[in-house]
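> here you go, sequence then predicted model.
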Amino acid sequence: WSLVLLWNLVTLITLGWDKFQSKRQGRRVSERTLLWMVFATGWVGAWLAISWFRHKTSKQPFRRYAIMWTVINPFWGLVWWTWQSSSAGM
């Protein structure tokens, strides 16, 4: 769980950095990379960054894919596995 938390923090910081770079016309992080981070269990950090920094809010293709990757996410398998492991021990 620590790795999932750390990855969400990295995702949050990366989206914040991309927002910062967008304001100063700097080198940006590709949308493909950001969406990969969402899929790789970073969806909580991504959605926090989207709401806190108001980043990628008007990019409908990005939002659509972010929603899809949030729903179809390996995180849910991890939750199921943890729940099954704790239930089996009872």
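Now that the structure is in, tell me what you want to look at.
> all contacts plus neighbour counts: C-alpha atoms, from now on.
Fine.
> which positions in the biggest helix by length in the chain come out as buried?
Determined from DSSP state H, the single longest helix within the chain is helix 2-23. Within helix 2-23, the residues that qualify as buried are 7-12, 14-20, counting by 16 or more other C-alpha atoms under 10 Å.
> farthest pair within the residues you listed?
Trp7 and Phe20 (19.7 Å; C-alpha to C-alpha).
> give me the pLDDT value at Thr14.
You'll see Thr14 listed with a pLDDT of 94.
> ok, now how distant is it from Ser51?
To Ser51, Thr14 is 14 Å away according to C-alpha to C-alpha, to the nearest Å.
> check Lys23 too.
17 Å.
> next: Gln84.
From Gln84 to Ser51 the distance is 33 Å (C-alpha to C-alpha).
> any regions of the protein where pLDDT drops low?
57-58, 88-90 (pLDDT under 70).
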